[in-house]
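Student: Dropping a prediction and its sequence here:
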Amino acid sequence: MLIQLKKNISAGHRTKLLQTIGASGYKATEVITQSAVYLLCHGKGEIDIRLFGNSPGVADIHRVTDDYKLVSGKWKTGRTVIDLGDGIRIGNGNFATVAGPCSIENESQVKAILGHLGEQQIRIMRGGVFKPRSSPYSFRGNGIEALSMWHTMARAAGVKIISEVMQQSQIEEMYDYVDIFQLGARNTQNFNLLDELGKIDKPVLIKRGISGTIEELLYSAEYVYSAGNEKIILCERGIRTFENASRNTFDINAIPILKEKTHLPVLADPSHGIGIRSCVTPIALAAIAAGADGIIYETHPSPENAWSDGQQTLDFEESAALMVKVRTLLGVL
């Protein structure tokens, strides 16, 4: 059961409501987010929600059987929309395209990519400055100085920024420079980091874990939501399976399932999903046809010379061709 409280509920009415819930054999946990106050009620046995629906200070009440109650689609009448400002929105019919390099390398690279994004009317740029790598000897990002440089150039171009945060200590230093914090596949179950991202007032994109289930992705989102942040985007980026013909196995099933189970926007990452440059476009289009609220893919002026992930990165010609097909498909849908 999920109870949404009125913001002006009195202390007396709150206490009485909690007593009624306790007397019914349920335990209530209060969650305060950017826009609302909720009571999440857990217990065994049937309960008549009419006992609470007319209580003073109760704005709404819903029967939600999922353990991930706040991100469940069973209680919210409309879908969540992430508003980044400047007319850029994600979700509920607002399709978002996010593109950029795996890693932010230097000013000339950023300038070239921003120019390409401008030509394609793409207004959100992805890029890593802190890179989780399997090998400790691989390039691991240029850090906060690169992010500051990128932010200055992106702001001048009217482009928003999404970048990956890897640990709690990075949140504060990144905060002024990013519009969306990305939680990578390796950190999807870093619960301390999830809690900290729940305390900020900026959107968080959560990628599915390397071998994570759909349910585990929803629990990760519930951590952020229950800590106070409702601005969450989910991302299907493929999972590790026994198949080794591609980097990952992109789970096209996950997109309509997530759209059914949750009210949150769902993006697709075809670059990491398959890891093969020539196959990124068909996977991106398949994800859109399956109902994704947007795509996030990698592009670089010279993928062969990219400092990381060049094998799955589109050059500008390929990126432009993809966008023609994206616009055509969206028109058909």
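Tutor: Done, it's in. Numbering: from 1, shown residues only.
Student: CA only for contacts and neighbour counts going forward, please
Tutor: OK.
Student: Lowest mean pLDDT among the helices and strands, pick that one out for this protein.
Tutor: Among the secondary structure pieces of the chain, namely its helices and strands, helix 50-53 has the lowest mean (mean pLDDT, DSSP states H and E), a mean of 77.
Student: Buried residues in it, which are they?
Tutor: Residues of helix 50-53 classed as buried: Phe52, Gly53 (neighbour count, 16 or more other CA atoms under 10 Å).
Student: Can you pull out the residues in contact with the very next helix or strand once past that helix?
Tutor: Downstream of helix 50-53, the next assigned helix or strand under DSSP states H and E is strand 58-62. Applying CA atoms under 8 Å, 6 or more residues apart in numbering, the external contacts of strand 58-62 come out as Met1, Leu2, Ile3, Gln4, Leu5, Lys6, Ile9, Ile49, Phe52, Gly53, Trp75.
Student: Now the buried members of the residues you listed.
Tutor: Met1, Leu2, Ile3, Gln4, Leu5, Phe52, Gly53, Trp75.
Student: Check which element follows the helix or strand harbouring Val31 along the chain.
Tutor: Taking DSSP H and E as the criterion, Val31 maps to strand 26-32. Past strand 26-32, further along toward the C-terminus, the next helix or strand under DSSP H and E is strand 37-43.
Student: Name every sheet partner of that next one and say whether each one runs parallel or antiparallel.
Tutor: Looking at strand 37-43 with DSSP bridges, its partner strands are strand 2-5 (antiparallel), strand 26-32 (antiparallel).
Student: buried set for the last one?
Tutor: Across strand 26-32, burial judged by 16+ other CA under 10 Å covers Tyr26, Lys27, Ala28, Val31, Ile32.
Student: tell me which of those is nearest to Phe250?
Tutor: Distance to Phe250 across those (CA to CA) is lowest for Val31, with 34.0 Å.
Student: The closest one: what's it in contact with?
Tutor: Taking CA under 8 Å, 6+ apart as the test, what Val31 contacts is Val37, Tyr38, Leu39, Leu40, Ser226, Ala227, Gly228.
Student: Same question for Gly57.
Tutor: With contact set as CA under 8 Å, 6+ apart, Gly57 has these partners: Leu5, Lys6, Lys7, Asn8, Ile9, Ser10, His13, Arg14.
Student: Now it. Nearest residue, chain neighbours left out?
Tutor: When the adjacent residues along the chain are set aside, Gly57 lies closest to Ile9, with 4.5 Å between them (CA to CA, 6 or more residues apart in numbering).
Student: Test my guess that the one you found contacts Val37.
Tutor: No. If you go by CA atoms under 8 Å, Ile9 and Val37 don't touch, sitting 9.9 Å apart.
Student: residue ranges for the strands of this protein, please.
Tutor: When assigned using DSSP state E, the strands of the chain occupy the ranges 2-5, 26-32, 37-43, 58-62, 82-85, 88-90, 96-100, 124-126, 160-164, 180-183, 204-207, 232-236, 266-268, 294-298.
Student: Let me have the ones you listed in CSV, extended by distance to Gln19.
Tutor: Formatted as CSV, the entries for these read as follows, by distance: least, CA to CA, whole Å:
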stretch, distance to Gln19
strand 2-5, 14
strand 26-32, 10
strand 37-43, 12
strand 58-62, 14
strand 82-85, 36
strand 88-90, 40
strand 96-100, 45
strand 124-126, 47
strand 160-164, 43
strand 180-183, 38
strand 204-207, 35
strand 232-236, 32
strand 266-268, 38
strand 294-298, 44
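Student: Which of those strands sits closest to Thr213?
Tutor: strand 232-236 (10.5 Å).
Student: what lines up beside the closest one in the sheet?
Tutor: According to DSSP bridges, strand 232-236 has the following sheet partners: strand 204-207 (parallel), strand 266-268 (parallel).
Student: if we can go back for a sec, closest to Ile276 out of the contacts of Gly57?
Tutor: Set against Ile276, the nearest of those by CA to CA is Leu5 (48.6 Å).
Student: Can you pull out the low-pLDDT segments for the chain?
Tutor: Scanning the chain for pLDDT under 70 picks out the ranges 131-134, 136-140.
Student: Tell me how it divides into domains.
Tutor: Structurally, the chain divides into domains by automatic domain parsing as follows: 2-62, 82-332.
Student: Skipping adjacent residues, who's closest to Asn106 in space?
Tutor: Leaving out its chain neighbours, Asn106 is closest to Ala146 (CA to CA, 6+ apart), at 7.3 Å.
Student: can you pull the contacts of that neighbour?
Tutor: Going by CA under 8 Å, 6+ apart, the list of residues near Ala146 reads Ile104, Glu105, Asn106, Val129.
Student: Nice, that's everything, thank you.
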